[in-house]
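# got a predicted structure here, sequence first:
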Amino acid sequence: MSEIVGVAFIALGAVVLFAMGMRLPKRRSLLHVGPPPIPEPETPLADVLQQFERQANEQAQLNERRRKWLRPFSIFGRLAVYAVLFLVLYAYWPEDISHKPFANLTLSDVTKTVAAVVIALLLIRAVFEPSDDDGIKDAWGWIGILIVGGVGIGAILLLKQ
């Protein structure tokens, strides 16, 4: 039975990797094989500057709209995910090796303890030094929306029972 489960997980992982590969943006061929580029007609500098200004204004408006409603969800989502990660780390924290005699310690005991401490330090650093990138903040906002939606659906299902 466990072999079947293992094969199923490997197949699921392969499907996920295949789906992620299909979603990656297309890259240029390393051999540079393809049709020659079509030269674009020259556009006046004033038109190009107006186009850049229009795109900058649209991007600024989009960022302003996102900041108004998505940023509170990003703060909540980030803190909720880190809280769950800290709980998982606490649940799987290795046994205390400070009271064991040095001769009884194994490499596995020391490695588990060092790995747990390193993970804890990395989580603490990630909590107190969030990214300033707007794309990452928007991603945390969408994760926060998914968490709020999941909690809402769970509450509705629990209240129906």
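Right, received. Where do you want to start?
# helices or strands up against the strand or helix carrying G135?
Assigned by DSSP states H and E, G135 falls within helix 134-160. Other elements packing on helix 134-160 under the criterion 3 or more C-beta pairs under 8 Å, 6 or more residues apart in numbering; DSSP states H and E are helix 45-69, helix 71-91. C-beta: built from backbone N, CA, C; applies to glycine.
# and the shortest one, which residues are buried?
Using 16 or more other C-beta atoms under 10 Å as the burial criterion, the residues of helix 71-91 that qualify are 71, 73-74, 76-78, 80-81, 85.
# so which bits of whichever helix or strand comes after that helix are buried?
Sequence-wise, the next helix or strand downstream of helix 71-91 (DSSP H and E) is helix 107-128. Neighbour counts over helix 107-128 (16+ other C-beta under 10 Å) mark 112-113, 119 as buried.
# lowest-confidence helix or strand of this protein?
Within the chain, no helix or strand scores below helix 2-23, which has a mean of 71 by mean pLDDT, DSSP states H and E.
# still on that earlier bit, max pairwise distance over the buried residues of helix 71-91: which two?
R71 and L85 (21.4 Å; C-beta to C-beta).
# low-confidence ranges, the protein, go.
Residues of the chain that meet the criterion pLDDT under 70 lie in 1-2, 15-33, 43.
# make it 90
The model of the chain has pLDDT under 90 over residues 1-77, 95-105, 126-127, 129-142, 158-161.
# re earlier: give me the buried positions along the helix holding G135.
So for helix 134-160, counting by 16+ other C-beta under 10 Å, buried means 137-141, 143-145, 147.
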